[in-house]
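Asks: what follows is a protein structure lacking sequence information:
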């Protein structure tokens, strides 16, 4: 068809929509579901306290109702003193914040000024509105700029709220109930950290889409304190039995050895996050 | 009514109303999560279930076990729609009493399994949304496990997992109890202690990855001495 041969005009390409709807109806007759995007099923929260902003998030990523990642990072870097928590579709939250981070860097170079949280929020909402909700990311943007600490939430369709405390994700209801009970303006650091930790923990225990650990990010005029794994309210149970297999349990059918003569040119070590 | 104009096949614009009348059907079923597992040994049987009752993304209860004691030698594990689980167990209890009064003896595990199959098939066209597994001792005192589908198809097994994490547990049991996909391993018969430890360990692993499984684990061990119940804590997130 001529339409698919036209050059890509930017934005989303909807040419596959009619094909997908035919496939989906055909597949559902056979009992198959089309693959879904992985959502984070999250609890994220943010609070403005005396000296700045504290952002919090849980660390579970789900594929439908199976845990895909037990320790994923949901607090993303945007600028040296502006961070963003992402809920909704995992890929959308990740890519949107990365795009924002590079836009902010370019803007900083263009204007010669450090970024404002309001600027980040405006760029986010303009982009999300342009995609009419197809980019399924709900974000909490928090940071400190020359005008002080600010906290915004941005929704997939492009609306935003500016408030002293915010929660989003599937565990938002559980987390906001903790805030509604104990939030006070101009809290001290330790009190505010405990409050955000408790709000995320409420999401972890009461929401099936959230779980594992609490990550916090404390942003002040002086800098950022990224507390990965600040609290681990749930522990993996200890297994009693022995489940190691002896060598030879999986039968080796054939073995072919091909020696490769190589010289070591460069050696580097990269640590993996293991669960 | 919203109207969005899209380009059709011919390149001409056509109107596409995506908020026309939408039919919402009331669904008589809900999915309340939960996993059950049963293992049969030489002279014992184990029926285990987690105790979390959930709906959607919320938790209704952290202490709602899914094993129900039927007789001194039989326990049934039911997971799926909690409303149907409760009604089904009430019906089974009533039928057990009726049998006892007519025949002056307690129903055997095999008889209960056969009866459950007919009860479930009686609702073939509006099924009980329950995944059942019966564990108990047969007439010879050997362990027996009977697994069912929602409309009454059943068979006797050595081990079976049912419910939300069944797809995660069953392959592990196939490997550890059935010695599948392993070579050069001695097929030692399963002892009661090893079986109980295995059941606890597989639920710990299931709670890691299945959001519907967690909170606590209730293990019922059926021997000729009676039914012993143990509770083990699981992840609460």
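Replies: Okay, I see it. Everything numeric here is computed off the predicted structure, so don't read it as measured data. Residues are numbered from 1 along each chain as shown, chains lettered A, B, ... in the order given.

Asks: any idea which helix or strand carries residue A:156?
Replies: Using DSSP states H and E, residue A:156 is not contained in any helix or strand.

Asks: what is the neighbour count of it?
Replies: 21 (other Cβ atoms under 10 Å in any protein chain shown). In this view, the C-beta of every residue, glycine as well, is placed from N, C-alpha and C.

Asks: likewise the one 3 residues further on?
Replies: Here the neighbour count serves as a burial measure; for residue A:159 (other Cβ under 10 Å) it reads 11.

Asks: what's the spacing between the nearest residue to it once chain neighbours are set aside and chain B?
Replies: Residue nearest to residue A:159 in three dimensions, not counting chain neighbours: residue A:125, with 7.2 Å by Cβ to Cβ, 6 or more residues apart in numbering or on different chains. Distance, residue A:125 to chain B, using Cβ to the nearest Cβ, to the nearest Å: 21 Å.

Asks: spit out the contact partners of the closest residue to residue B:190 other than its chain neighbours.
Replies: With sequence-adjacent residues excluded and distances taken as Cβ to Cβ, 6+ apart, residue B:190 is closest to residue B:41, at 5.3 Å. Listed by Cβ atoms under 8 Å, 6 or more residues apart in numbering or on different chains, the contact partners of residue B:41 are B:143, B:189-192, B:195.

Asks: now the residues you listed in TSV, with secondary structure and distance to residue A:57?
Replies: Listed next are the contacts of residue B:41 as TSV, based on DSSP: H, G, I helix; E, B strand; the rest coil; distance: Cβ to Cβ, whole Å:
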residue	secondary structure	distance to residue A:57
B:143	strand	47
B:189	coil	49
B:190	coil	43
B:191	coil	45
B:192	helix	44
B:195	helix	40
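
Asks: from those, which is closest to residue B:106?
Replies: Residue B:106 lies nearest to residue B:143 out of these, by Cβ to Cβ, at 17.5 Å.

Asks: can you give me the strands in chain B?
Replies: Using DSSP state E, the strands found in chain B span residues B:4-7, B:13-16, B:35-40, B:45-50, B:53-55, B:58-61, B:67-71, B:74-80, B:130-137, B:143-148, B:154-157, B:159-163, B:216-223, B:226-233.

Asks: doesn't the residue nearest to residue A:159 fall inside a helix?
Replies: Yes. The assignment for residue A:125 is a helix, going by DSSP: H, G, I helix; E, B strand; the rest coil.

Asks: next, count neighbours for it.
Replies: 19.

Asks: could you do residue B:64 as well?
Replies: Counted with other Cβ under 10 Å, residues neighbouring residue B:64 total 21.

Asks: that one reaches residue B:85, doesn't it?
Replies: No. With contacts counted by Cβ atoms under 8 Å, residue B:64 stays clear of residue B:85, the gap being 9.6 Å.

Asks: need the residues of the stretch 51-200 of chain A near chain B, please.
Replies: Residues of the stretch 51-200 of chain A lying near chain B by Cβ under 8 Å from any Cβ of the partner chain: A:60, A:62, A:65-67, A:70, A:170-171.

Asks: a markdown table for these, including pLDDT and secondary structure?
Replies: Converted to a markdown table, those look like this (pLDDT from 0 to 100; DSSP: H, G, I helix; E, B strand; the rest coil):
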| residue | pLDDT | secondary structure |
| --- | --- | --- |
| A:60 | 93 | coil |
| A:62 | 88 | strand |
| A:65 | 86 | coil |
| A:66 | 91 | strand |
| A:67 | 92 | strand |
| A:70 | 92 | coil |
| A:170 | 93 | coil |
| A:171 | 93 | coil |
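
Asks: show me what contacts residue B:150?
Replies: Residue B:150 neighbours (Cβ under 8 Å, 6+ apart): B:80, B:120, B:127-131.

Asks: dump the residues you listed to JSON lines, plus pLDDT, neighbour count and distance to residue A:211.
Replies: Listed next are the contacts of residue B:150 as JSON lines, based on pLDDT from 0 to 100; neighbours: other Cβ atoms under 10 Å in any protein chain shown; distance: Cβ to Cβ, whole Å:
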{"residue": "B:80", "pLDDT": "95", "neighbour count": "26", "distance to residue A:211": "23"}
{"residue": "B:120", "pLDDT": "97", "neighbour count": "21", "distance to residue A:211": "35"}
{"residue": "B:127", "pLDDT": "96", "neighbour count": "18", "distance to residue A:211": "32"}
{"residue": "B:128", "pLDDT": "96", "neighbour count": "25", "distance to residue A:211": "31"}
{"residue": "B:129", "pLDDT": "96", "neighbour count": "19", "distance to residue A:211": "26"}
{"residue": "B:130", "pLDDT": "96", "neighbour count": "27", "distance to residue A:211": "27"}
{"residue": "B:131", "pLDDT": "96", "neighbour count": "25", "distance to residue A:211": "24"}
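
Asks: tell me the one of those nearest chain A?
Replies: Taking Cβ to the nearest Cβ as the measure, chain A lies nearest residue B:80 of the contacts of residue B:150, at 14.5 Å.

Asks: mind listing the strands for chain A?
Replies: Secondary structure of chain A, counting by DSSP E: strands at A:44-48, A:52-57, A:61-63, A:66-69, A:75-79, A:82-88, A:137-145, A:148-154, A:160-162, A:165-168, A:214-220, A:223-231.

Asks: closest to residue B:68 out of those strands?
Replies: Nearest of the strands of chain A (Cβ to Cβ): strand A:66-69, 27.4 Å.

Asks: outside of the closest one, which residues touch it?
Replies: Contacts for strand A:66-69 (Cβ under 8 Å, 6+ apart): A:38, A:59-62, A:211, B:208-211.

Asks: tell me which parts of chain B are close to chain A?
Replies: B:7, B:9, B:11, B:54, B:56-59, B:164, B:176, B:181-185, B:194, B:197-198, B:200-201, B:204-205, B:207-212, B:232-237.

Asks: low-confidence ranges, chain A, go.
Replies: A:1-12, A:31-40, A:273-275 (pLDDT under 70).

Asks: the helix ranked longest in it relative to strand A:44-48, how many degrees between them?
Replies: What stands out as the longest helix in chain A, according to DSSP state H, is helix A:90-111. Per axes from the mean of the first three to the mean of the last three Cα atoms, to 10 degrees, the angle that helix A:90-111 makes with strand A:44-48 is 40 degrees.

Asks: could you check the angle helix A:90-111 makes with strand A:148-154?
Replies: Going by the same axes, to 10 degrees, helix A:90-111 makes 140 degrees with strand A:148-154.

Asks: who are the packing partners of helix A:90-111?
Replies: strand A:75-79, strand A:82-88, helix A:117-130, strand A:137-145 (3 or more Cβ pairs under 8 Å, 6 or more residues apart in numbering or on different chains; DSSP states H and E).

Asks: please identify which of these is closest to residue A:267.
Replies: strand A:75-79 (28.8 Å).

Asks: middle-most residue in chain A, spatially?
Replies: Nearest to the geometric centre of chain A sits residue A:74, at 3.0 Å (Cα atoms, centre = their mean).

Asks: next one: that residue from chain B, what distance?
Replies: Here the distance between residue A:74 and chain B works out to 15 Å (Cβ to the nearest Cβ).

Asks: repeat for residue A:138
Replies: Residue A:138 is 15 Å from chain B, by Cβ to the nearest Cβ.

Asks: run a quick neighbour tally on that residue.
Replies: 23.

Asks: surely it and residue A:87 touch.
Replies: Yes. With contact defined as Cβ under 8 Å, residue A:138 counts as touching residue A:87 (4.5 Å).

Asks: now do the shared contacts for those two.
Replies: Shared contacts of residue A:138 and residue A:87 (Cβ under 8 Å, 6+ apart): A:93, A:168-169.

Asks: can you redo those as JSON lines with neighbour count?
Replies: Below are the shared contacts of residue A:138 and residue A:87 laid out as JSON lines (neighbours: other Cβ atoms under 10 Å in any protein chain shown):
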{"residue": "A:93", "neighbour count": "25"}
{"residue": "A:168", "neighbour count": "26"}
{"residue": "A:169", "neighbour count": "29"}
